[in-house]
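>>> Fold the stuff below for me.
(chains A, B, C, D and E, ligands or ions: 4)
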Amino acid sequence: MATIAHTEHVRDQSDPIVKIVELRKSFGDFEVLKSVNLDVYPGQVVVILGRSGSGKSTMLRCINHLEKPSGGAVLVNGEVVGYRLKGEKLHELRPNEIARQRATTGMVFQSFNLFPHLTVLENLLEAPCRVLRRSPHEVRDEAMKLLTSVGLAEKANVYPSTLSGGQQQRVAIARALVMKPSVMLFDEPTSALDPELVGEVLEVMKELARSGMTMIVVTHEIGFARGVADEVVFMAEGRVAEQGPPSQVIDNPQAEATKTFLRSLNERRDTPVQ
Amino acid sequence: MATIAHTEHVRDQSDPIVKIVELRKSFGDFEVLKSVNLDVYPGQVVVILGRSGSGKSTMLRCINHLEKPSGGAVLVNGEVVGYRLKGEKLHELRPNEIARQRATTGMVFQSFNLFPHLTVLENLLEAPCRVLRRSPHEVRDEAMKLLTSVGLAEKANVYPSTLSGGQQQRVAIARALVMKPSVMLFDEPTSALDPELVGEVLEVMKELARSGMTMIVVTHEIGFARGVADEVVFMAEGRVAEQGPPSQVIDNPQAEATKTFLRSLNERRDTPVQ
Amino acid sequence: GSSPQAQPAGGTSSADATPSTDSTLVKMLPASIRDKGTLTVAAAVYAPAVMQPSGGGEVTGWDIELTRKAAALLGLKVDFKIIPFDGVIPGLQAARYDAATGEINVTPDRTKVVTFVTNHVSKDAFIVKADSPKASFDKPSDVCGLKIGASLGSSEAATAQSMADECKSSGGASTTVETFQTQAQVNLALSQSRVDAALASGSQAAYTVDQTKGQFKLGKLGFGPEIKTGLALANNADTAQLAKAFQAATNKLIKDGVLAKVLDQLNGGLGAVDKSEIVPAPSS
Amino acid sequence: MESAKAKTHPQHTPSNAVSATSALTADQETLARETVPLRHHGRTVAAVFLLLVVANLAHSMVTNQNFQWPTVWHYLFFPEIMAGLGRTLILTVVSMTMAIVLGILLAACRLSGNKVLQAVAGAYLWFFRGTPLLIQLIFLYNLSALYPRLGIGVPFGGPELIGGSTNLVLSLWTVALVGLALHESAYMAEIVRGGLLSVPKHQTEAAAALGMNNVMAFGRIILPQALRVIVPPTGNQVIGMLKYSSLVSVIALPDLLYSAQMIYTQTFETIPLLIVVSFWYLLCTSILTLFQQRIERYYGRGVAGQSTTPGRGRILGLGMPRKRVRTTLSSTTAEEG
Amino acid sequence: MESAKAKTHPQHTPSNAVSATSALTADQETLARETVPLRHHGRTVAAVFLLLVVANLAHSMVTNQNFQWPTVWHYLFFPEIMAGLGRTLILTVVSMTMAIVLGILLAACRLSGNKVLQAVAGAYLWFFRGTPLLIQLIFLYNLSALYPRLGIGVPFGGPELIGGSTNLVLSLWTVALVGLALHESAYMAEIVRGGLLSVPKHQTEAAAALGMNNVMAFGRIILPQALRVIVPPTGNQVIGMLKYSSLVSVIALPDLLYSAQMIYTQTFETIPLLIVVSFWYLLCTSILTLFQQRIERYYGRGVAGQSTTPGRGRILGLGMPRKRVRTTLSSTTAEEG
Ligand SMILES: Nc1ncnc2c1ncn2[C@@H]1O[C@H](COP(=O)(O)OP(=O)(O)OP(=O)(O)O)[C@@H](O)[C@H]1O
Ligand SMILES: Nc1ncnc2c1ncn2[C@@H]1O[C@H](COP(=O)(O)OP(=O)(O)OP(=O)(O)O)[C@@H](O)[C@H]1O
Ligand SMILES: [Mg+2]
Ligand SMILES: [Mg+2]
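Ligands and ions are numbered 1, 2, ... in the order given. Here you go, the predicted structure:
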């Protein structure tokens, strides 16, 4: 697999690239996020763990304002997402301004969400040409390079429905990357995949991490967390329950919730293979 | 979890309970099963492994005649499934007779396939009352016992859509068991589940195996295969490529296909957890 | 023109008793009809010839009464079926009805498919809005340049079309004909000036002017023939005999003065004839 | 691990990071404070304008003499109108019932393995969906002009076994009911077929695996689930039938509309009578719609996310409830089958 | 492990194992030999019967004099019929176009966050779906009886700014086109709304996450996918409009059917003229159906399993192609959103 070339990023400043401050989010009466604080620095790979329903996806979706926070704020590249600081107050932005902000983050969903009516290449060209108004000619070259780097150059002109799940997810990653985001968000990118297909997607993500991309990854793949993450965040009951390098959080968890969770993941693998 | 009480079965005769003879199956020009031979004896737990598309599901579906074989035969309890031996020839049975035969096997699907318009209890009562014409009163007691044994007695009167995937799959197992089948077929029963929910389903299956039920299980859960199976069958290119106890097939595979497959499963688990 | 008296509300017919059966006339009937004893007669609502009393009850109208009285002479009961006008002749063709009534004009097209026993003559007239400058139409060119409304399947629709064609051939202003499904829709279109004039039979026109209380006035038609109207009979093996029986019965009504009385009472005395004819004339 | 990251290149500044980093330095309190929501001026203006139009319309309806409200009132419960309404309802109920039965048969033919049945059902649908109901009614009504006798007999000119005059067999009501039912059955067939196809094949398999035979599986598992898809459009068809049944006026069956027409043909009170008729149609369709919603709710039982009224901004907004992808597989991967 | 199994109880014999174990001893060759398929006698009989009926019908159509085939031929390309056909086509095309545009607007109102817009659109749908098209056309045609002048002015009796006589504003064609379009738009609104709701919310989110604004996401992502759901019923509506446009005869606009009616109510050649009209309607609907299928195929591009003709025994049989559950999640878990 070729190197994912143009997604190189800086870590030459100490400001966090994503800063989550006292984030709260309720759905009706149900408070999913109670108070989340998190800093992610350029080039970092952060893996989020937590039980189903602990609010991992909600937090991720607040980062690019797919969910509107009930309180607190998210800053990406130093800008408050979804608001403008005017005087002492945060004024809600117009939809168009929010759309512009979203272009700086890339997101990969559990269910791939490729556009089924567009070919693979068209999926990649759509956003850069329309949102960033870049020339299709130039973008096409970059898109083809990215497709090559995820190993799917020969699938450029087919429709997504003809691809395997693993291939679709790799296209989804390329589609996010062609926008040159400063941070990539992954929401359980491999859990809709057949076990055999998980490897090929994780490989692309590892390559991306190696190239220096800032990544926030919600996943159940402990192996990936251990091998690639700089930081593992364990969420429980709408808060960050535990946080630290994988060696600490995975192999030597302190919080009771973390221990229970890791045990439940472990139970079914009685013994390791070979 | 209570013992799965009334699903006790015999192993007092040496005849196989499921016998697959020279089974072939094509879809159009595409030959999925080329020649499958397999004997399963009463009380045995057989795990089927194999790449996606290797024909595992097709073979399983031939056992209860959800697929009509293109050649060869499947015998359950000594009866040819779907045919009657008359003179020297196999005569196709009428749909009603095939339905009667199917009642002797229980099947659990990857996607649960509970009946969404019936409550959990009604899901369990439907087949015994209509197919076996048993009294609803009597079946209700048995069904409640089974629901208790899979830990879902209190969900008897809710609709399946309100249950988690793991709960739905446990109901599906109970629904198959209430028909008192002589053999249970499982087609990837845990692969549509969230990782945390896999354990609860495997636990029910283990309990069932302990009670002596004959089981044929297609799964990617190597841990389950190692811990519970009497026999592991590896399928490749429409044939049984390798067969034997788990210690042999999993830990010391001989066929090249088996080795490749186990390696691909393994790749993503860099190191075991804890 | 003189307007007909409004129909007695809920009443069955004129005060006159139904004439009693005439045994010589009965003998003229074809056996099949005589045995049946009832005649099924289609009619479209076409005031004042055919009127459905508001609030239910038996149909009335001058043509209904004439049919009923002629049938009574023949010892027949009549079962009236009220249907749309454009379904009348096709209904006879399809043998759904034995006969049809309701000021049905005798036209060449119709006589090809049904047989008439005439009992009345009418002259078409225009209905125009009360404030219309046109009050009489004395020669064909007076019609040119108008939008004429008529109802579907009526002979007036055909007459209007031929007027329009004549204007065109004589180089007059262009004339259009709009055909509506019922006379009520023609009138409604007229009341909103969507058409300039509506062509209808004289009695219908008079009735309409009377009913709409000052909205419309009558536009006398100074040209064009008198048109015979009458009972239409379905063509089949018995038609010739049945027609003769009805002709005889109608002639008796004329002779006894019953016909004139009915027309006086229900049609302002318009359109009486002195003898009934069969059209097309019987071959023997 | 960190060493791998060290080789990243420092030149490239995030391309979309436009504004200053001022917010980073803002104190936490500011960020956690209440926010000022965006106002949607365009929407408010449109709403006010529409309200004005509606109010003006209502005002003019009450004050305009031309509506002749006293006449409307006079005819509202008029005996003939009531009788017509009754006939319209009978037509709707009876012909819909016949159409549903026929439709199920036709759908079964279309889905059967038998090529001949498929073709005949296809031709039937082609004809009855391809011509206006009006023509079909006129045809049927005038059938005796084509075939004076209807009967069952030996084909190709052989003797008739039983039969009768077409006009006796096809009485006025028979023509109306059969005509409406034949036409409607072509539409119902497609609805039923769609409903049956919408039930995931998984469900048939699950039923079969439990030993149910075809009839049991169809009656207990497939049909009840298909009804969820069949009922809403069938409700629409019933409402449609209520209205299109007025076409029977062409064969002189005095339904609601024709009863009114018979009155206004004579009295010329066209507009008030049409208002009366509209009132009854609206009342009936509203009641039917309420019924439909209740029945839909009944057949939707056990299916998550049934709410039929979509909430605020479901399409273009992003704030709607999400559903888990995995745990609902059973009832929804459905649509694939 | 085996020890755990040893504790199983030997009393229970499989309840459904009815027959002998003879087959177990049968040699492998017998089992691998060719099998004797089941015969479906019932189906064959039904098919033969139906074929007979169809053949008999065809035979009688050719031999029956009452069909008056020479007259049919005479009128088939008659100038008035051709003119009527032309008017019918114009009515269909123009009013459908207007209805689609109006329908999209109404759907947008129904889905908007604005309560007033929702309510007004709801009332509109209620009225136009609740009354027969026939009545709506009569009303509109006779609107000048209610409102002699139409115009825009100050509400509640204020001065008129621009306006004109109702009959001038609403010419015959305007009434026909507007009437059909208003009625149809109520149905189109529901179709468009259904189509928009059928696009999984995931797709909107994916577009938003890429930085697309609402307009872009709607035009490039949502609408193209919604069309796949919108086009088939719209096709049906076009076909329906072709037929129901014949109701304009009530305002004396001579479309295809009414042109024929004007002829046969004078000449009484009812059946042949109805055959002529049916021929043209069937031809048009068949052509439209072909078009519809092609367009559906176009909008179905990129969606797996598009085949619209279900294969043998899809419902009650079990032999259909299965699709993998997991790998198609992207395009199909869809329906949940
Ligand atoms: N739009 C919504 N409306 C109502 N409840 C919601 C909504 N979105 C999420 N929730 C609820 O919020 C909780 C947290 O959801 P979230 O998806 O963030 O969890 P998660 O940690 O990602 O879980 P999983 O591992 O299952 O994806 C859940 O209970 C969920 O049902
Ligand atoms: N009804 C069918 N028609 C055509 N092809 C089919 C059908 N059912 C299965 N196949 C094909 O047969 C092959 C074997 O399918 P099968 O489902 O048995 O594989 P499997 O081993 O169960 O794989 P997986 O692990 O993906 O479930 C696949 O290539 C599949 O596409
Ligand atoms: Mg999540
Ligand atoms: Mg499988």
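
>>> Where does the stretch 1-150 of chain A get nearest to chain B, which residue?
A:Ser52 (5.6 Å; Cβ to the nearest Cβ). The C-beta positions use only the backbone N, C-alpha and C, and glycine is treated the same way.

>>> now C:Met163, what's its secondary structure?
When classified by DSSP: H, G, I helix; E, B strand; the rest coil, C:Met163 comes out as helix.

>>> Verify the stated contact: C:Thr107 with C:Ser155.
Yes - between C:Thr107 and C:Ser155 there is a contact under Cβ atoms under 8 Å: 4.9 Å.

>>> okay, those two: which has more neighbours?
C:Ser155 (22 against 18; other Cβ atoms under 10 Å in any protein chain shown).

>>> quick one: that one from D:Pro148, how far?
In this view, C:Ser155 and D:Pro148 are 28 Å apart by Cβ to Cβ, to the nearest Å.

>>> returning to what we had before: name the SS class of the residue of the stretch 1-150 of chain A closest to chain B, please.
The three-state label given to A:Ser52 by three-state DSSP is coil.

>>> anything in stretch A:117-128 near chain E?
Yes - applying Cβ under 8 Å from any Cβ of the partner chain, one finds stretch A:117-128 touching chain E at A:His117, A:Leu118, A:Thr119, A:Glu126, A:Ala127.

>>> sorry, back to before: list the contacts of the residue of the stretch 1-150 of chain A closest to chain B.
B:Asp194, B:Glu196 (Cβ atoms under 8 Å, 6 or more residues apart in numbering or on different chains).

>>> Pull the number of nearby residues for residue 72.
No chain in the question, so chain A it is. Quick note: A:Gly72 (other Cβ under 10 Å) scores 20 neighbours.

>>> could you do chain C instead?
Neighbours of C:Ala72 using other Cβ under 10 Å come to 19.

>>> Which helix or strand contains the residue lying closest to it once chain neighbours are set aside?
Closest residue to C:Ala72 apart from its sequence neighbours, by Cβ to Cβ, 6 or more residues apart in numbering or on different chains: C:Thr18 at 4.7 Å. Using DSSP states H and E, C:Thr18 falls within no helix or strand.

>>> In the stretch 151-284 of chain C, what residue comes closest to chain B?
C:Gln181 (48.6 Å).

>>> any idea how far B:Ala257 is from that residue?
Distance from C:Gln181 to B:Ala257, by Cβ to Cβ: 79 Å.

>>> The two: which has the busier surroundings?
With neighbours defined as other Cβ under 10 Å, C:Gln181 and B:Ala257 compare such that C:Gln181 has more, 23 against 17.

>>> from the residues of stretch A:117-128 next to chain E, which ones fall inside helices?
A:Glu126, A:Ala127 (DSSP state H).

>>> Among the residues of stretch A:117-128 next to chain E, name the buried ones.
A:His117, A:Leu118, A:Thr119, A:Glu126, A:Ala127 (16 or more other Cβ atoms under 10 Å in any protein chain shown).

>>> ok, the third one - contacts?
This points to A:Thr119. A:Ala156, A:Asn157, A:Val158, A:Tyr159, E:Gly302.

>>> how about a cut-off of 10 Å?
A:Leu125, A:Lys155, A:Ala156, A:Asn157, A:Val158, A:Tyr159, A:Pro160, A:Thr162, E:Arg301, E:Gly302 (Cβ atoms under 10 Å, 6 or more residues apart in numbering or on different chains).

>>> Counting neighbours, which of those end up buried?
Members of the contacts of A:Thr119 classed as buried by 16+ other Cβ under 10 Å are A:Leu125, A:Lys155, A:Ala156, A:Val158, A:Tyr159, A:Pro160, E:Gly302.

>>> Using pLDDT, spot the least trustworthy of these.
Among the buried ones among the contacts of A:Thr119, E:Gly302 carries the lowest pLDDT, at 59.

>>> got the phi/psi numbers for C:Gly257?
Backbone geometry at C:Gly257, expressed as degrees, to the nearest 10, gives phi 80, psi 10.

>>> the strands in the chain, which residues?
Defaulting to chain A. A:18-27, A:30-40, A:45-50, A:71-76, A:79-80, A:83-86, A:89-92, A:105-108, A:183-187, A:215-218, A:231-236, A:239-244 (DSSP state E).

>>> ah, no, chain C please
C:38-43, C:77-82, C:99-105, C:114-122, C:124-129, C:136-137, C:147-151, C:176-180, C:197-201, C:216-221, C:227-234, C:278-279.

>>> A:Asn113: which of the ones you listed is closest?
With Cβ to Cβ, the closest approach to A:Asn113 among these belongs to strand C:176-180: 58.0 Å.

>>> Just confirm yes or no for the closest one near chain D.
No - legend: contact between strand C:176-180 and chain D by Cβ under 10 Å from any Cβ of the partner chain is lacking; minimum distance shown is 11.0 Å.

>>> And that strand, what's buried?
In strand C:176-180, counting by 16+ other Cβ under 10 Å, buried: C:Val177, C:Glu178, C:Thr179, C:Phe180.

>>> what do you get for stretch D:174-183?
D:Val175, D:Ala176, D:Leu177, D:Val178, D:Gly179, D:Leu180, D:Ala181, D:Leu182, D:His183.

>>> now, among the residues you listed, which is nearest to chain E?
Distance to chain E across the buried residues of stretch D:174-183 (Cβ to the nearest Cβ) is lowest for D:His183, with 10.1 Å.

>>> Chain neighbours aside, what residue packs nearest to the closest one?
Leaving aside its sequence neighbours, D:His183 is closest to D:Leu133 (4.8 Å, by Cβ to Cβ, 6+ apart).

>>> mind pulling up the phi and psi values for the residue of the stretch 101-250 of chain A found nearest ligand 2?
Nearest residue of the stretch 101-250 of chain A to ligand 2 (Cβ to the nearest ligand atom) works out as A:Asp194 at 6.5 Å. Main-chain dihedrals, A:Asp194, degrees, to the nearest 10: phi -60, psi 150.

>>> Output the set of residues of chain A in proximity to ligand 1.
Neighbours of ligand 1 within chain A, by Cβ under 6 Å from any ligand atom: A:Phe27, A:Val32, A:Gly50, A:Ser52, A:Gly53, A:Ser54, A:Gly55, A:Lys56, A:Ser57, A:Thr58.

>>> Run a quick neighbour tally on the first one.
Other residues lying near A:Phe27 total 13 when counted by other Cβ under 10 Å.

>>> wait, doesn't it sit right on A:Glu67?
Yes - A:Phe27 is within contact range of A:Glu67, at 9.0 Å (criterion: Cβ atoms under 10 Å).

>>> what's the neighbour count on the nearest residue to A:Gly50 once chain neighbours are set aside?
Distance criterion Cβ to Cβ, 6+ apart; nearest residue to A:Gly50, sequence neighbours excluded, is A:Met235 at 3.7 Å. Neighbour count for A:Met235, taken as other Cβ under 10 Å: 26.

>>> So stretch D:55-70, near chain C or not?
No - judged by Cβ under 10 Å from any Cβ, stretch D:55-70 stays clear of chain C, getting no closer than 10.6 Å.

>>> Please point out which parts of that stretch sit buried.
Residues D:Asn56, D:Ser60, D:Phe67, D:Gln68 are the ones in stretch D:55-70 that count as buried (16+ other Cβ under 10 Å).

>>> mean confidence for it?
Stretch D:55-70 comes out at a mean pLDDT of 81.

>>> show me the biggest helix of chain C in terms of residues.
Max-length helix for chain C by DSSP H is helix C:239-255.

>>> hmm, I was thinking of chain A
helix A:195-210.

>>> which helices and strands sit right next to that one?
strand A:45-50, helix A:136-149, helix A:165-177, strand A:183-187, strand A:215-218, helix A:222-228, helix B:256-266, helix D:2-6 (3 or more Cβ pairs under 10 Å, 6 or more residues apart in numbering or on different chains; DSSP states H and E).
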